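In: Build the 3D model from these lines:
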Amino acid sequence: MKVDTIKAVQTVQENALLKTVKLGASKEALQSIVPSDKALKDALATCLSARTKKAFFEQVPVIVEVLEKMKEPDKAVLAEIAGRVKDQILAGQNAYLLAGKFLLEGKAEIVENGGTQKDFIAWLESDCEVKRAQAYKLIKVYETYGDNSDFSQVSMRVLYTLQGQANKELQAKALEMAKSKELTTGSLDELIQEYAPKKKTPPATPPRTDGGKSLSGKPGDTGDTGKTGDTGKTGDTSDNVIEQYKKMVADLTARLAKIERPAMPALPQFESPIFAVRLGLSVEDAKDKRLVTARYRFFAKLYPSSVDKVSAKRLQQAKDGLLK
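Out: Next up, the predicted model:
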């Protein structure tokens with residue numbers, strides 16, 4: 001909506017409060033409006049055709065109502081905000097890479113001056129307040145991608161996953177996609193599936209052709225003990241074996257249920273005020289509700305509220321914020 005239009009309507013509304021203002025002055029203010037919508041054009045025509053002040057000012061609220069419906073976001077303002085969001089996300093990405101670089105420098109300082117690996121880990125937890133697993137991930141990502149500007153706009157979540165892939169062809173393909181800014185969570189998942197090692201199918205067991213007889217030719221003789229194979233008396237039948245396996249599975253399941261699940265170390269990205277960064281998504285991926293939901297479910301399984309309430313809450317906030 002043009003600023004001139006808003007000013008014209010404001011002038012008329014102010015005139016409506018002043019009984020001394022002549023009708024012609026108010027009509028002149030409205031005549032400066034160039035209607036871009038049929039509803040607004042009709043409302044202006046009705047208002048301007050009024051012969052009395054009362055009839056004129058009774059039509060002004062109709063114009064205001066039409067203008068309210070015509071409101072739309074300022075594209076220039078949105079473009080500016082979008083630019084700032086991208087800058088912040090990129091700054092966050094660079095911050096993680098720099099953190100990996102500084103951790104590597106700290107490790108070198110300790111080890112090269114007589115320190116041990118244990119000293120480095122102790123320094124991580126006491127001075128840096130970073131868990132061992134987080135630190136080594138940051139270091140590994142920096143060592144692998146820190147000096148390659150092609151990966152500067154790839155999300156940390158993608159880099160975390162990518163650095164754990166040993167397939168050279170996959171890494172080369174990922175580099176090509178990063179250069180064209182096509183390397184996202186979804187495309188990396190597809191890439192991993194494409195280059196995943198194929199599982200070998202075990203050869204099928206050929207059917208028996210001896211009619212259930214042993215090498216001795218006697219029915220029921222298994223050939224294992226040399227005795228007659230009266231399986232109903234001397235050994236377990238197949239039904240008994242199945243029952244035993246079922247009991248073993250039930251027993252193991254019950255034991256696993258009693259084992260307390262250890263808490264996973266929270267990722268640094270969970271502390272980011274930017275929801276997309278929290279879920280490890282790029283700007284483009286964060287617009288896809290399907291990817292947002294899938295990523296949230298992935299993290300929710302790793303960080304349930306029963307194990308890590310803080311991380312679970314932050315992840316929930318990020319999901320809700322991106323799905324609005």
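
In: Just the CA trace of the strand or helix carrying Gly24, in PDB.
Out: According to DSSP states H and E, Gly24 maps onto helix 23-31. Taking C-alpha atoms only, helix 23-31 is exported to PDB below (Å, rounded to 0.1, in the frame of the first residue of the first chain):
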ATOM      1  CA  LEU A  23     -16.600  19.000   2.400                       C
ATOM      2  CA  GLY A  24     -14.500  20.000  -0.700                       C
ATOM      3  CA  ALA A  25     -11.200  19.800   1.200                       C
ATOM      4  CA  SER A  26     -11.900  16.200   2.300                       C
ATOM      5  CA  LYS A  27     -12.900  15.200  -1.200                       C
ATOM      6  CA  GLU A  28      -9.800  16.800  -2.600                       C
ATOM      7  CA  ALA A  29      -7.600  14.600  -0.200                       C
ATOM      8  CA  LEU A  30      -9.300  11.400  -1.400                       C
ATOM      9  CA  GLN A  31      -9.100  12.400  -5.100                       C
END
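
In: Against which helices or strands is that helix packed?
Out: helix 3-17, helix 38-48, helix 53-69 (3 or more CB pairs under 8 Å, 6 or more residues apart in numbering; DSSP states H and E). For every residue, glycine as well, the C-beta is placed using N, CA and C.

In: now it against helix 53-69, angle please.
Out: Interaxial angle of helix 23-31 relative to helix 53-69 (axes from the mean of the first three to the mean of the last three CA atoms, to 10 degrees): 20 degrees.

In: Going by neighbour count, which residues of helix 23-31 are buried?
Out: Across helix 23-31, burial judged by 16 or more other CB atoms under 10 Å covers 23, 26-27, 29-30.

In: Pull up the gap between Ala39 and Val66, please.
Out: In this view, Ala39 and Val66 are 5 Å apart by CB to CB, to the nearest Å.

In: With Asp189 instead?
Out: Computed with CB to CB, the distance linking Asp189 and Val66 is 49 Å.

In: So those two - more neighbours on which side?
Out: Applying other CB atoms under 10 Å to Asp189 and Val66 shows that Val66 carries more neighbours, namely 18 against 14.

In: Can you give me the pLDDT of that one?
Out: Turning to Val66, the model gives it a pLDDT of 74.

In: So Ala266, which state does it fall into?
Out: Per DSSP: H, G, I helix; E, B strand; the rest coil, the secondary structure class of Ala266 is coil.

In: residue contacts, it?
Out: If a contact means CB atoms under 8 Å, 6 or more residues apart in numbering, then Ala266 has 134, 303, 308, 310-311 as its contacts.

In: could you flag which of these are buried?
Out: 134, 303, 308, 311.

In: Next one: the third one, what pLDDT does it get?
Out: Turning to Asp308, the model gives it a pLDDT of 84.

In: Over to it: give its phi and psi.
Out: When read as degrees, to the nearest 10, the backbone of Asp308 gives phi -140, psi 90.

In: I'd like to know how many residues surround Lys101.
Out: Neighbourhood size, Lys101 [other CB under 10 Å]: 16.

In: which residues touch it?
Out: So Lys101 contacts 142, 146 (CB under 8 Å, 6+ apart).

In: I'd like to know how far it sits from Asp37.
Out: Noted for Lys101: a distance of 56 Å to Asp37, by CB to CB.

In: for Arg255, same thing?
Out: Distance from Arg255 to Asp37, by CB to CB: 71 Å.

In: So between the two, which is more surrounded?
Out: Legend: neighbour count by other CB under 10 Å for Arg255 and Asp37, higher for Asp37 (12 against 9).
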